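Q: model this:
(2 chains)
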Amino acid sequence: MSLSTKNILGAKDLNKQDIQQILDTAESFKEISTRSIKKVPTLRGKTIINLFFEPSTRTRTSFEIAGKRLSADVINISGSTSSTAKGENLIDTARNLEAMNPDILVVRHNCSGASALLTQFIKCPIINAGDGAHEHPSQALLDLLTIRSHKGDLQGLKVAIVGDIRHSRVARSNIKAMQTMGMQVRVVGPPPLIPVELERLGVEVSSDLSKSIKDVDVIMVLRIQHERQNQMFLSSLREYSNYFCLTAEILAQARKDVLIVHPGPVNRGIEISLDVMEGPHSLILNQVTNGVAIRMALFYLLLGENNANPN
Amino acid sequence: MKSTLLNSKDISRAVNRISHEILERNQGAESIALVGIRTRGVAFSLRLKEKIAEIEGVSVDHGVLDITLYRDDLAAGIQKPELKRTDISFTLEGKHIVLCDDVLFTGRTIRAAIDALMDFGRPASVQLAVLIDRGHRELPIRPDYVGKNIPTDRSKRVQVLLNEEDGEDKVFIQEPDNG
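A: Numbering: from 1, shown residues only, chains lettered A, B, ... in the order given. From the prediction side, this is the model:
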């Protein structure tokens, strides 16, 4: 049993069997986080470096906890405190880190393709923890795990992804992974925030929130990314909120068993109302818990095979 | 080439005897718990549990261990075995734990199982029940309850089939393919 890929760069590289294997493995790993001693010796002596050039609470902590629960040594490097602040470029930074023999590099960068670029220079496996507006595969996997553990099977489920699709790597990874698993994806948002090529991927596009959530099994709400709105795609957050905030009133038109997921961080009251966020349909904290299991599964499946650093 | 060592009746007699031995040694079923090692140790442990309930009228605690994460050969470039769930939902403190596995060979699986068990708590003692002891230990580990001792050639494979997993009860020696 092993994955078809040596690196986890994007959902586009994972076939159905890979995703199933990752979800099944993660399912078994969930139990470890509920023990009083939350640690197994599996990756003892392995080194994992988290190289983060963008702010992150959830993802970075989740990768770090996942590594530590498997007994790996985890080192965190953030862009602002690394030598990139002195002018060193990404490739040189990564090559220098590799010279210290890590077994896995986890990379987050604001440029699309940063992780893929590094695979040309680095021998150890690389996990993309978010590259620009491109992909964030471990997030899509934890979303699928969360949905699967509530619905049992992914095949045939209908999902509406709501919000800023244009800037969302979470949306891109989820669209690919969900389609691979046989799910039907619809995206909902203001037209300037929906990329034009999306319909070619077989994704339904809508700009009417209440209509488009009526028949879905899952609503995925995305964060409005203030930090990427420099090109004025929206006239104002309040206007966005008037049309696209998921409120109890709108949710009343959805199915009774609809699930709500959100990758975090949440802008309370802008893309989702407080009562919905904390209501019975919301799985937001559940996703965070599942994130640790998914990242444990990725480390476990990537390491210990022939991919481990030969040195 | 295959040669059958135990049939369904032999296995059932062994389970019967081991159940009595466990009860005798622990003076009843009060403080014992059975833990099966995946995959066939689980079926074996459930048969012991059933038999103990029959003899003593007590339903003892039961758990399941997947020792994959505690193996010492994970990094050796082998294919990853499929990871299944561990389930120990009772407290180990004060309990006499009987670890159950189908075949005892090098002892490495049992070492991993003891390590895994200790991460869940501090049992009063750990005992070991196996259906087959085929020798060739690589670690200082010995069983407390044995269904049958079968001296074997190291290169051969002892295969245990249990109804719950394989649809039939049988123990046989598998000669190496290239033999």
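Q: got the residues of chain B near chain A?
A: B:66, B:68-70, B:74-75, B:77, B:79-87, B:115-116, B:119-121 (CB under 8 Å from any CB of the partner chain). Bear in mind the C-beta positions are built from the backbone N, C-alpha and C, glycine included.
Q: Is residue A:91 part of a helix or strand, or is it coil?
A: What DSSP: H, G, I helix; E, B strand; the rest coil gives for residue A:91 is helix.
Q: Report how many residues lie close to it.
A: By other CB atoms under 10 Å in any protein chain shown, the residues close to residue A:91 number 14.
Q: My guess is it contacts residue A:114. True?
A: No - using CB atoms under 8 Å, residue A:91 is not in contact with residue A:114; the gap is 9.7 Å.
Q: Write a PyMOL command that selects only the buried members of the residues of chain B next to chain A.
A: To isolate the buried ones among those in PyMOL, judged by 16 or more other CB atoms under 10 Å in any protein chain shown, type:
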select buried, chain B and resi 66+68+69+70+74+75+80+83+84+86+116+119+120+121
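Q: May I see the buried residues of stretch A:63-72?
A: Neighbour count says stretch A:63-72 has A:63-70, A:72 buried, by 16+ other CB under 10 Å.
Q: which residues touch residue A:121?
A: Going by CB atoms under 8 Å, 6 or more residues apart in numbering or on different chains, residue A:121 touches A:91, A:94-95, A:98.
Q: In TSV, list these along with distance to chain B.
A: Converted to TSV, these look like this (distance: CB to the nearest CB, whole Å):
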residue	distance to chain B
A:91	29
A:94	24
A:95	25
A:98	19
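Q: Looking at these, which are in helices?
A: Applying DSSP state H to these, the entries found in helices are A:91, A:94-95, A:98.
Q: For chain B, what's its nearest residue on the stretch 151-300 of chain A.
A: Chain B sits closest to residue A:300 of the stretch 151-300 of chain A, with a gap of 7.2 Å, by CB to the nearest CB.
Q: Now do the same contact list for the nearest residue to residue A:122 once chain neighbours are set aside.
A: Excluding the flanking residues, the one nearest residue A:122 by CB to CB, 6 or more residues apart in numbering or on different chains is residue A:98, at 5.2 Å. Counting by CB under 8 Å, 6+ apart, residue A:98 touches A:105, A:121-124.
Q: What segments of the stretch 51-200 of chain A are strands?
A: A:73-78, A:104-109, A:126-131, A:158-162, A:184-188 (DSSP state E, counting those that start in this stretch).
Q: Compile these into TSV and extend it with columns for mean pLDDT, mean neighbour count and distance to residue A:295.
A: Listed next are the strands of the stretch 51-200 of chain A as TSV, based on pLDDT from 0 to 100; neighbours: other CB atoms under 10 Å in any protein chain shown; distance: least, CB to CB, whole Å:
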stretch	mean pLDDT	mean neighbour count	distance to residue A:295
strand A:73-78	94	16	11
strand A:104-109	97	26	8
strand A:126-131	98	26	8
strand A:158-162	98	23	22
strand A:184-188	97	23	24
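Q: Dump those strands into CSV; add distance to chain B as well.
A: CSV is the format used below for the strands of the stretch 51-200 of chain A (distance: least, CB to the nearest CB, whole Å):
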stretch, distance to chain B
strand A:73-78, 14
strand A:104-109, 13
strand A:126-131, 17
strand A:158-162, 27
strand A:184-188, 29
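Q: Residue B:164 against residue B:45, yeah?
A: No - counting by CB under 8 Å, residue B:164 does not reach residue B:45; the two are 10.8 Å apart.
Q: So for these two, which sits in the more crowded spot?
A: Neighbours were counted for residue B:164 and for residue B:45 using other CB under 10 Å; residue B:45 has more, 25 against 13.
Q: Can you name the residue of the stretch 51-200 of chain A nearest chain B?
A: residue A:70 (7.7 Å).
Q: What residue, apart from its backbone neighbours, is nearest that residue spatially?
A: Using CB to CB, 6+ apart and skipping the chain neighbours, the partner closest in space to residue A:70 is residue A:43 (4.1 Å).
Q: Show me what the helix or strand of chain B with the lowest mean pLDDT is packed up against.
A: The helix or strand of chain B with the lowest confidence, counting by mean pLDDT, DSSP states H and E, is strand B:2-6 at a mean of 85. For strand B:2-6, the packing partners by 3 or more CB pairs under 8 Å, 6 or more residues apart in numbering or on different chains; DSSP states H and E come out as strand B:125-133, strand B:145-149, strand B:170-174.
Q: hmm, try it at 10 Å
A: Contacts defined by 3 or more CB pairs under 10 Å, 6 or more residues apart in numbering or on different chains; DSSP states H and E place strand B:2-6 against helix B:8-25, strand B:125-133, strand B:145-149, strand B:157-161, strand B:170-174.
Q: Which positions within that strand qualify as buried?
A: Residues B:5-6 are the ones in strand B:2-6 that count as buried (16+ other CB under 10 Å).
Q: Given it, what are its sheet partners and their directions?
A: strand B:170-174 (antiparallel) (DSSP bridges).
Q: average pLDDT across the partner strand?
A: Across strand B:170-174, the average pLDDT comes to 92.
Q: the helices in chain A, which residues?
A: Under DSSP H, chain A gives helices at A:16-29, A:58-69, A:90-98, A:114-118, A:137-151, A:169-180, A:209-212, A:237-244, A:248-251, A:274-277, A:284-302.
Q: just the angle between the fifth one and helix A:284-302, please?
A: Taking axes from the mean of the first three to the mean of the last three CA atoms, to 10 degrees, helix A:137-151 and helix A:284-302 form an angle of 120 degrees between their directions.
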